[in-house]
Each structure stands twice: as C-alpha cells, then as structure tokens.
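Participant: Here is the input, now give the coordinates:
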Amino acid sequence: MYEELALFELAIWLGLSAWIANATPVLGGGGTPIDRGHVFRDGRRLLGDGKTIRGFIVGIFFGTITGAGQMLAAPFLQPLLAEYVIVTPEMEYVLFMQLPVAFLMSLGALVGDLVGSFIKRRVNVKSGDPSPVMDQLGFIIMALIFAFPLMQPEPIFVAILIITTFFIHWISNVIGYLAGLKKHPW
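Facilitator: Numbering: from 1, shown residues only. Below you'll find the predicted structure:
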C-alpha cells in the first residue's frame, strides 16, 4: 500500500509544474491575444482572446518557479519518503526535479493548451466551451513530450499522472470559476 501511495505522490510531483503552468495564466489578467486577432484560412480566429501573451508568460513563470521549489524541497522530502517505502532509483529520478525540466514541462503545457485551442477553433468549438479529452490531456501530454529530451520517467508515473490529470484539471477549473478567475467551470 505504501509503495502505491508513493507512486501516486511522485506522479503528482512530476506533473506539478505543468499543472501550475496550465492553471496560472488567468492571473495575468488578459492583455494582447497571442494570435493578435488573426484568422486562419477557414475564417475563424487562430486561438481566440483567451490565449494571451501575458498569460503565457505568467504560466511559464509560475510553472518554472514551482520546479525551483521542488528542487529545494526534494532533499528534505527524500528522507520522509524513505521512512515508509524503499526509495528506488526511478523514484529519486522523479523526486529530484531539475529546473530545465520544470521549464520544459511548463512550456509544453502551455503549447499543448494552444494546440488544443487551435484545434477547437478548427472544429467550431467556441472559445471557453469544453472539449473533454483535449482540455484535460492535451497540456499534460505536450508537457511530457517537451520534457522528454531531459527526462524519461517510468511508464507507471506517466500513466498515474495522465489518469490523475483528468480529476485535478476538473477540480482546479471549478476552483478558478468559484474564485471568479474563470468564466466557466471547465
């Protein structure tokens, strides 16, 4: 049981910088849209007003800062983890997050969100409307792809992270909506 709990905790640890990067662009408070109002050849906006330059920068900043915090905390958490489970090299690999990995996870998460917005515009889903699988998984999969050159976590961590992301994404959006930071709870 303790080993399963450790795997779950470390999967969350792995996804933290991407989740924070994906959740914090709303703190940027609007600004210039990344697509600057341009439309694609189908006559629809490239991304929409909800994807802003300031939000993109804010997301990368907070995601990367989260990774810096993880780097500082890892040496203190490793002995705590070792109290209830044998810490394997795979676990240490995830626990000791590196700043370049946190940056790439953050950048990848936001690029994944932009790709999702682009695709949603192409299939005529309005800005802010839900797109179930793409909204929950696009950002985390792209974050893992971006970080892959520097970090190749064990498949168990990736699987737990992807499954957990479904639930965490929904909860964070509802909290953002209730706090008045988002227009919709999705």
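Participant: give me the element the closest residue to Ile20 other than its chain neighbours is part of.
Facilitator: Spatial nearest neighbour of Ile20, excluding adjacent residues (C-beta to C-beta, 6 or more residues apart in numbering): Thr66 at 4.4 Å. All C-beta atoms are positioned from the backbone trio N, CA, C, and that covers glycine. Element membership of Thr66 [criterion: DSSP states H and E] is helix 53-84.
Participant: Outside of whichever helix or strand comes after that helix itself, list whatever touches it.
Facilitator: Downstream of helix 53-84, the next assigned helix or strand under DSSP H and E is helix 89-95. With contacts defined as C-beta atoms under 8 Å, 6 or more residues apart in numbering, helix 89-95 is touched by 6-7, 10-11, 13-14, 74, 77-78, 81, 85, 87, 151, 153-154, 157.
Participant: mind listing the helices for this structure?
Facilitator: Under the criterion DSSP state H, the chain contains helices at 2-23, 53-84, 89-95, 99-122, 132-147, 155-178.
Participant: out of those, nearest to Phe40?
Facilitator: Among the helices of the chain, the nearest to Phe40 by C-beta to C-beta is helix 99-122 (7.1 Å).
Participant: List the contacts of Ser17.
Facilitator: Ser17 neighbours (C-beta under 8 Å, 6+ apart): Gly63, Thr64, Thr66, Gly67, Gln70, Met97, Val101, Ala102, Met105, Ser106, Ala109, Ala143.
Participant: again, only using 10 Å
Facilitator: 60, 62-70, 97, 99, 101-109, 143, 147 (C-beta atoms under 10 Å, 6 or more residues apart in numbering).
Participant: Then Met97?
Facilitator: So Met97 contacts 13-14, 16-17, 66-74, 105, 147, 151 (C-beta under 10 Å, 6+ apart).
Participant: do Tyr84 as well
Facilitator: Shown in contact with Tyr84 (C-beta under 10 Å, 6+ apart): Met1, Tyr2, Glu3, Leu5, Ala6.
Participant: ok, now Ala6?
Facilitator: Counting by C-beta under 10 Å, 6+ apart, Ala6 has contacts Leu81, Ala82, Tyr84, Val85, Ile86, Val87, Thr88, Met91, Leu95.
Participant: From the residues you listed, list just the buried residues.
Facilitator: Buried members of the contacts of Ala6, counted by 16 or more other C-beta atoms under 10 Å: Leu81, Val85, Val87, Met91, Leu95.
Participant: per-residue confidence at the fourth one?
Facilitator: We note a pLDDT of 84 for Met91 in this prediction.
Participant: Lowest-scoring secondary structure element of the chain by mean pLDDT?
Facilitator: Lowest mean confidence among the helices and strands of the chain (mean pLDDT, DSSP states H and E): helix 89-95, at a mean of 82.
Participant: Tell me the gap between that one and the middle of its chain.
Facilitator: 20 Å (C-alpha atoms, centre = their mean, to the nearest Å).
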